[in-house]
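S.K.: Could you work out the structure for the sequence below:
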Amino acid sequence: MWRHTDIRNLGRILFLSGFLFGMLVLPAKPLFAVNNCVIVHHSAPSEADNAYLAGDFNKAEGLYQAALTNNPGDTDLAIGLVHTLLREQKLVDATTAVQASIGDKPASAALLTLRGEVELSQGEPWKSAETAGASAKLDPCNPRTVFLIARLAGLTSRYATARRLLAGAHQLDPADPEIRVEWMKTLPPAQRIAEMDAFLANPKGESEQTLGEMRAEFEQMKKWAEEPRKPCTLASQPATVEIPFADIRTNRGIIAAPALDVNVNGHLARLSIDTSYNAHYPMDGFSGLLIQRSVAGHMGLKPLLPTQVVGTGPQGPRAGSFAYADSISIGGVDYHDCVVQLLDSSYGNDADGSISMTLFSDYLVTLDYPSEKLILGPLPAKPGATIKSSVDDGYTAPEMKDYTAIYRSGSDLILPGSVNGKRKMLFVLDTAIGNSVLSPVAAHEIASGHRESKYELRGMGSNFDRTFTAGNVSLAFANLTQNINLIQTFDTSVFSKDTGMDISGLIGNATLHGLTMRIDYRDGLVRLTYDPKKAGAFSR
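M.R.: Numbers count the residues shown, from 1 in each chain. Just a heads-up that it's a prediction; the model follows:
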């Protein structure tokens, strides 16, 4: 059962207090004037540093701990240890280490930034923003502080600001491998390919798994650059469009989720609505469509680049490829020359694939579950400016004051929520999953009152207690609360890796089906409303 709660204005409160944009509390001029700062020059790396740079994080952890035993209070060693623990996804241990480093003494800018990095990784970006602001007041030239604020800016739809700050952080410390990797992602394709080539020739600070993913991405980018194609273009943009939902049914014939009928190259495909589908496509122009290869052939979709379709929970990566669609049309909205992803295996129900709502980021997207339709409407204009989604800084218009400010990572829509009145956690709005779920560490924390490292998941293949369930759960997010009789655990580590923040759960269709969900992708805003007088097919 849904009910309205007194956290109705949580998004606005967090927005006004600096959650949406950490730099509201920072001295902006020094941060942007990096030419007034001294470029960082690193001393010769220690044995622990070399292990970290080689991606041997287990060895680096032991060496840093041993060195700290002999040199307690050494800031550089503490930073090395905590960065190593974060790379190993040992968040509980990282928290303990940073607290031990700061202790009761006034924290330096370097240690404050370190704490902010841990808070962000823990899934507490609102705390991280406050900590980053305090650190920047002490030392606005610290490249890790600038980098942390850049990450927060990107997560809160301040894309232009994030790019400028990443460039500044890289200018201050071009040798920091983490800053360098994130900075490369902001570059134009030709420059990015050259920088990736140089990095992969002498990689530093990445695991073998991550390096494998980067090499695959590098090869995709090179291949695509050899055969340049037209960019994905919105060719026809009606002011307002209403598109009825179609049914997706399970093998037993039960309605599982809403879908949309989409015309691809003149052929109809029934695609499940998926607000959390991230293709990890390294170039611009991805449509957000995932289509089974078995139905792609008659659409004229020919595989161009091999890739892996990311899986979630117990489902690992699956073979797939990228293809090129000449046209995509839905409800009079037409796109030309867009990339789609193909899935070699079966999708799992009678859908032909899925569609991300990011395709419609030039619109205000409304998923009206009770009325069983998608509505595309105009976004508010910013006076005297044109805002390009995922390129420019977002804008909160006066008419959007009742919307909740969210975090965005790729297509993921992330917002704070709480379970049974406990501390705020991060949840992903996920229309592709049936029931809402909790990560193992969040479920056990709610049950026991504290986090335990043994429940942390560290990538695909992690073992966890899939039988753990919680009953009589009160899930609160945005302006609503729902009581759930039973909630299960689910591996959210893919989402945590993608976002760089601990994701405590997914809000699925069973929770969303009675709501109207309005999404402003451009500005990072959502509004969820519940009308008890309405009920749709997906509430059955």
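
S.K.: residues making contact with stretch 157-174?
M.R.: 21, 23, 31-32, 34, 37, 39-40, 141, 143-144, 146-147, 149-151, 153-154, 176, 179-180, 182-183, 186, 390-394, 408, 522-524 (Cβ atoms under 8 Å, 6 or more residues apart in numbering). To be clear about C-beta, it is placed using only N, CA and C from the backbone, and glycine gets the same treatment.

S.K.: Stretch 94-104 too?
M.R.: Residues from elsewhere that reach stretch 94-104 (Cβ under 8 Å, 6+ apart): 73, 75, 78, 81-82, 85-86, 111, 114-115, 118, 121-122.

S.K.: Quick one: distance of the helix or strand where W224 lies to the chain centre.
M.R.: Here W224 sits within helix 208-226, counting by DSSP states H and E. Put simply, helix 208-226 sits 20 Å off its chain's centre (Cα atoms, centre = their mean, to the nearest Å).

S.K.: what are the pairing partners of the helix or strand that comes right after it, and which direction each?
M.R.: Next along the chain after helix 208-226, taking DSSP H and E as the criterion, comes strand 233-236. Partner strands and pairing direction for strand 233-236 (DSSP bridges) are strand 333-343 (antiparallel).

S.K.: Just want the most central residue of this structure.
M.R.: Centroid-nearest residue in the chain, with Cα atoms, centre = their mean: S409, separated by 2.6 Å.

S.K.: hang on, isn't that residue packed against T156?
M.R.: No - with contact defined as Cβ atoms under 8 Å, S409 does not reach T156; the gap is 10.7 Å.

S.K.: hang on, the earlier thing: show me the residues around the nearest residue to the residue nearest to the centre of the chain once chain neighbours are set aside that make contact.
M.R.: Closest residue to S409 apart from its sequence neighbours, by Cβ to Cβ, 6 or more residues apart in numbering: T499 at 4.0 Å. Residues in contact with T499 (Cβ under 8 Å, 6+ apart) are 155, 407, 409, 412, 414, 426.

S.K.: so who does the fourth one touch?
M.R.: Pointing back at D412 there. Residues in contact with D412 (Cβ under 8 Å, 6+ apart) are 275-276, 278, 428, 495, 498-499.

S.K.: mind checking how far R270 is from S439?
M.R.: 31 Å (Cβ to Cβ, to the nearest Å).

S.K.: Are we agreed that I487 is in a strand?
M.R.: Yes - applying DSSP: H, G, I helix; E, B strand; the rest coil, one finds I487 inside a strand.

S.K.: Relative to L374, how far out is it?
M.R.: 28 Å.

S.K.: again with D412
M.R.: 19 Å.

S.K.: and what of A405?
M.R.: A405 sits 23 Å away from L374, going by Cβ to Cβ.

S.K.: Over to H267?
M.R.: Computed as Cβ to Cβ, the H267 to L374 distance reads 20 Å.

S.K.: who has more neighbours, the two?
M.R.: L374 (23 against 14; other Cβ atoms under 10 Å).

S.K.: And the next helix or strand past the helix or strand harbouring that one?
M.R.: Using DSSP H and E, L374 sits in strand 373-377. Sequence-wise, the next helix or strand downstream of strand 373-377 (DSSP H and E) is strand 404-405.

S.K.: What's the first helix or strand after that next one?
M.R.: strand 407-409.

S.K.: remind me which residues of the stretch 1-150 of the chain are low pLDDT?
M.R.: Applying pLDDT under 70 to the stretch 1-150 of the chain flags residues 1-35.

S.K.: again, but for the chain
M.R.: Residue ranges of the chain with pLDDT under 70: 1-35, 249-256, 311-316, 348, 449-471, 535-540.

S.K.: now with 80?
M.R.: 1-35, 104-107, 228-229, 248-257, 278-285, 308, 310-317, 346-350, 447-472, 533-540 (pLDDT under 80).

S.K.: about what we covered before: can you put the contacts of stretch 94-104 in a markdown table and add secondary structure, distance to G434 and neighbour count?
M.R.: Shown next, in a markdown table, are the contacts of stretch 94-104 (DSSP: H, G, I helix; E, B strand; the rest coil; distance: Cβ to Cβ, whole Å; neighbours: other Cβ atoms under 10 Å):
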| residue | secondary structure | distance to G434 | neighbour count |
| --- | --- | --- | --- |
| G73 | coil | 51 | 11 |
| T75 | helix | 48 | 13 |
| A78 | helix | 44 | 23 |
| L81 | helix | 41 | 28 |
| V82 | helix | 37 | 26 |
| L85 | helix | 34 | 26 |
| L86 | helix | 32 | 23 |
| L111 | helix | 44 | 20 |
| L114 | helix | 39 | 29 |
| R115 | helix | 38 | 23 |
| V118 | helix | 33 | 24 |
| S121 | helix | 29 | 23 |
| Q122 | coil | 28 | 21 |
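
S.K.: Mark which of the contacts of stretch 157-174 are buried, thanks.
M.R.: 21, 23, 31-32, 34, 37, 141, 143-144, 146-147, 149-151, 153-154, 176, 179-180, 182-183, 186, 392-394, 408, 522-524 (16 or more other Cβ atoms under 10 Å).

S.K.: re the thing from before, R270 and S439 - which one has more neighbours?
M.R.: S439 (28 against 17).

S.K.: now that one, nearest residue through space, not along the chain?
M.R.: In this structure, S439 finds its nearest non-sequential neighbour in T492, 4.3 Å apart by Cβ to Cβ, 6+ apart.

S.K.: Surely that neighbour touches I503?
M.R.: Yes - between T492 and I503 there is a contact at 4.5 Å, judged by Cβ under 8 Å.

S.K.: quick one, which of the two is more surrounded?
M.R.: T492 (27 against 24).

S.K.: Pull up the gap between the residue nearest to S409 and V146, please.
M.R.: Between T499 and V146 the computed distance is 20 Å (Cβ to Cβ).

S.K.: how close does the residue of the chain positioned farthest from its centre get to A60?
M.R.: Here the chain reaches farthest from its C-alpha mean at N70, the gap being 39.1 Å by Cα atoms, centre = their mean. Note on N70: its distance to A60, by Cβ to Cβ, is 16 Å.

S.K.: buried sites along whatever helix or strand N50 lives in?
M.R.: For N50, the host element (DSSP H and E) is helix 47-53. For helix 47-53, a neighbour-count test (16+ other Cβ under 10 Å) marks 48-49, 51-53 as buried.
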